[in-house]
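*Asks:* sharing a model that was predicted from the sequence below.
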Amino acid sequence: MAKVKVANKSEVKEDQGKLVNVNGKELALFNIKGEFFAIENICPHRGGPLSEGFLEGNNVNCPWHGWQFDVKTGQNIMPGIGKLNTYKVLVEGEEVFIGS
Ligand code: FES
């Protein structure tokens, strides 16, 4: 994936998420104690917006029914549910990019 600017650092407060769009795909960008991570935005349960979820440590809680995903790995914390795609995040100065 080509590098795409998705936000300025100041737009994503610590321990919060932001919906970003990369080439027409919705991703959820998170700031975990100053480090940025990105996963798919759409919850595989029933399509809840993970970028609006509540963060507990590295885990985001889906705002609709509470499924939890580790934003660093994409892994659902319940066994057997599986994993979301994760995306490489680059921070250059104040700018946040997705891609390589
Ligand atoms: S839509 Fe995410 S837990 Fe149901």
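*Replies:* Received, thanks.
*Asks:* which parts of this protein sit against the ligand?
*Replies:* 43, 45-48, 62, 64-67 (C-beta under 6 Å from any ligand atom). All C-beta spots, glycine's among them, are computed from the backbone N, C-alpha and C.
*Asks:* can you select the buried ones among those for me in PyMOL?
*Replies:* Entered in PyMOL, the line below selects the buried ones among the residues of the chain next to the ligand, by 16 or more other C-beta atoms under 10 Å:
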select buried, resi 43+48+62+67
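*Asks:* strands of the chain, start to end?
*Replies:* For the chain, the strands defined by DSSP state E cover 4-8, 16-22, 25-32, 35-40, 54-56, 59-61, 68-70, 86-87, 89-92, 95-98.
*Asks:* a markdown table please, covering those strands and showing mean pLDDT.
*Replies:* Putting these into a markdown table (pLDDT from 0 to 100) gives the following:
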| stretch | mean pLDDT |
| --- | --- |
| strand 4-8 | 97 |
| strand 16-22 | 97 |
| strand 25-32 | 97 |
| strand 35-40 | 98 |
| strand 54-56 | 96 |
| strand 59-61 | 98 |
| strand 68-70 | 98 |
| strand 86-87 | 97 |
| strand 89-92 | 97 |
| strand 95-98 | 98 |
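*Asks:* for the closest residue to residue 67 other than its chain neighbours, grab phi and psi.
*Replies:* Spatial nearest neighbour of residue 67, excluding adjacent residues (C-beta to C-beta, 6 or more residues apart in numbering): residue 45 at 5.2 Å. Backbone torsions for residue 45, taken as degrees, to the nearest 10, come to phi -70, psi -70.
*Asks:* how about residue 45, what does it touch?
*Replies:* If you count contacts by C-beta atoms under 8 Å, 6 or more residues apart in numbering, residue 45 has them with 62, 64-65, 67.
*Asks:* identify the residues contacting residue 67.
*Replies:* 43, 45, 48, 61, 76, 78, 81.
*Asks:* so which of these belong to helices?
*Replies:* Using DSSP state H to define helices, no part of these is located there.
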